[in-house]
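Asks: Below: sequence and its predicted model.
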Amino acid sequence: MRYLIGAGSHAASDDGIGLRVAEKAAVDGLEAAHGFRAVALRGGWIDLLACFEEGTERILVVDSARMGLAPGSVKFFSPEEARSVKVLGGAETHGGDLFASLELAKATGAAIPPLEFMGIEPYSVEPGMSLSPELEARLGEYLSLAVARLGSRPGGCGACPSRA
């Protein structure tokens, strides 16, 4: 199984871009057509570990990411190529730190499947329930990039957290 994981918060403008990509994949029926499962990761990063199951071929996480690029830019990267600058404590859109969750998975002996990120540079992460017009206009493009990156192979299962 391959997973397209959308992460973020609908309440912080472009921070919701990953969620919108996963939701659009599900609404547009791309999961069955391309053999992946779209998941909107609305809880903490620890929920991602539910996808670390036998038979998981790969995971693509789509999320907003401050990378110092032009707003709307896309970059693919591995967990090893990223670093967290998050200061933990208080309210957080992802409920913790991805890297701490991956360390927990390693400590428990979980097999970590191939994991890649598709970072999208936000225009705004200010409070707001809508994407910026610039990212909204490119939503289809971002989805196409994610689907192409996952590749197309039939398959399916149902053990990951709530669907998009």
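Replies: All right, it came through fine.

Asks: What segments of the chain are helices?
Replies: Ranges of helices in the chain, per DSSP state H, are 17-27, 30-34, 98-107, 133-137, 139-150.

Asks: Out of those helices, which is closest to residue 47?
Replies: Closest of the helices of the chain to residue 47 is helix 98-107, at 8.7 Å (criterion: C-beta to C-beta). The C-beta positions use only the backbone N, C-alpha and C, and glycine is treated the same way.

Asks: Output the closest one as CSV, restricted to C-alpha atoms.
Replies: Taking only C-alpha atoms (Å, rounded to 0.1, in the frame of the first residue of the first chain), the coordinates of helix 98-107 have been written out as CSV:
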residue,chain,number,x,y,z
LEU,A,98,7.3,14.4,13.6
PHE,A,99,10.9,13.7,14.4
ALA,A,100,10.1,12.7,18.0
SER,A,101,7.4,10.4,16.6
LEU,A,102,9.9,8.8,14.2
GLU,A,103,12.3,8.3,17.1
LEU,A,104,9.5,6.6,19.1
ALA,A,105,8.8,4.3,16.2
LYS,A,106,12.5,3.3,15.9
ALA,A,107,12.7,2.8,19.7
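
Asks: can you list contacts of it?
Replies: Residues outside helix 98-107 that contact it (C-beta atoms under 8 Å, 6 or more residues apart in numbering): 44-46, 48-49, 52, 79, 84, 88, 112, 115.

Asks: can you put the helices of the chain in CSV and add mean neighbour count, distance to residue 123 and mean pLDDT?
Replies: Rendered in CSV, the data for the helices of the chain read as follows (neighbours: other C-beta atoms under 10 Å; distance: least, C-beta to C-beta, whole Å; pLDDT from 0 to 100):
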stretch, mean neighbour count, distance to residue 123, mean pLDDT
helix 17-27, 23, 10, 96
helix 30-34, 17, 25, 93
helix 98-107, 15, 22, 77
helix 133-137, 14, 5, 97
helix 139-150, 17, 13, 96
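
Asks: how about CSV for those, with distance to residue 74 added?
Replies: Supplementary listing: the helices of the chain in CSV, determined by distance: least, C-beta to C-beta, whole Å:
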stretch, distance to residue 74
helix 17-27, 10
helix 30-34, 18
helix 98-107, 18
helix 133-137, 11
helix 139-150, 6
